[in-house]
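Engineer: The sequence and its predicted three-dimensional model are supplied below.
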Amino acid sequence: MKTLSPYTISWVIIEPVKGVVTQHDRKMFGELNTTSIRNKHAFIHFANRSKALEYLKGFDKKLDKKYMCRIITDAQFGKIQVQKDGTFDIPYTKKQLKEVYHLG
């Protein structure tokens, strides 16, 4: 049996270019918790980075808005801090800040 590594498991962080993530778009992304109050981001996890890239490059569903997406590791996801205003402080690397995928 393989051991799961927090550096292998990946998360796609989806953030709208403007406004908040709509409930319709959350469903299109396949996010499991569509009743979340996390309006500024949607989060989807994958077994590894290549699966996350495959998802982003093959995404072809109709969305209400335009979104920016970044891929982070599970270890980074565990370090996300929730601010007092409900926003998230995500510990992106410099490379991740430059590597942005667009949907919508």
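Structural biologist: Done, it's in.
Engineer: just checking, Pro91 touches Ala75?
Structural biologist: No - contact criterion C-beta atoms under 8 Å: Pro91 and Ala75 do not qualify, at 9.4 Å. C-beta coordinates here come from the backbone N, C-alpha and C atoms, glycine included.
Engineer: Tell me the buried residues in whichever helix in the chain runs longest?
Structural biologist: Counting by DSSP state H, the longest helix found in the chain is helix 49-58. Of the residues in helix 49-58, those buried under the neighbour-count criterion (16 or more other C-beta atoms under 10 Å) are 49, 52, 55-56.
Engineer: Leaving out sequence neighbours, find the closest residue to Lys9.
Structural biologist: If you look again at residue 9, you'll see it is Ile, not Lys. Among residues not flanking Ile9 along the chain, Asp74 sits closest, at 3.8 Å (C-beta to C-beta, 6 or more residues apart in numbering).
Engineer: burial count for Phe46?
Structural biologist: Counted with other C-beta atoms under 10 Å, the neighbours of Phe46 add up to 19.
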